[in-house]
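A.B. asks: curious how this folds, go ahead:
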Amino acid sequence: MALTKADIVEAVQTEIGFTRHQSIDIVESLLETIKRTLENGEDVLVSGFGKFCVNQKRERRGRNPATGEDMMLRPRKVVTYTCSGKLRERVNGG
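C.D. replies: Residues are numbered from 1 along each chain as shown. Sure thing, here's the model as predicted:
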């Protein structure tokens, strides 16, 4: 089962002791700050968790999987995530 935004709000509410409304505002504010930073082309580093990076992909040739037709894919930006070494160790039981 995936962790949802509602689960994060509930965790902030119960573990830290904020009201539900305050918890929603905190989580929304955090996510909006991350989105705005990535939108501006900047990376987001959360120590002990990982790094979100904005990478530029150049134009490349691709294929429509439905029709098999060759096509050119336009240049675009993508967000990638790299987990920290501490998180990797924790997930792997180290």
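A.B. asks: how about the helices in the chain?
C.D. replies: Assigned by DSSP state H, the chain shows helices spanning 5-11, 20-39, 85-91.
A.B. asks: now those helices as a markdown table including mean pLDDT, mean neighbour count and distance to C53?
C.D. replies: All C-beta spots, glycine's among them, are computed from the backbone N, C-alpha and C. Shown next, in a markdown table, are these (pLDDT from 0 to 100; neighbours: other CB atoms under 10 Å; distance: least, CB to CB, whole Å):
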| stretch | mean pLDDT | mean neighbour count | distance to C53 |
| --- | --- | --- | --- |
| helix 5-11 | 96 | 14 | 22 |
| helix 20-39 | 97 | 13 | 9 |
| helix 85-91 | 95 | 12 | 16 |
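A.B. asks: closest to D70 out of the ones you listed?
C.D. replies: For D70, the closest of the helices of the chain is helix 20-39, at 31.3 Å, according to CB to CB.
A.B. asks: need the contact partners of that closest one.
C.D. replies: With contacts defined as CB atoms under 8 Å, 6 or more residues apart in numbering, helix 20-39 is touched by 5, 8-10, 12-13, 16, 18, 43-44, 52, 54, 79.
A.B. asks: appreciated, that's everything.
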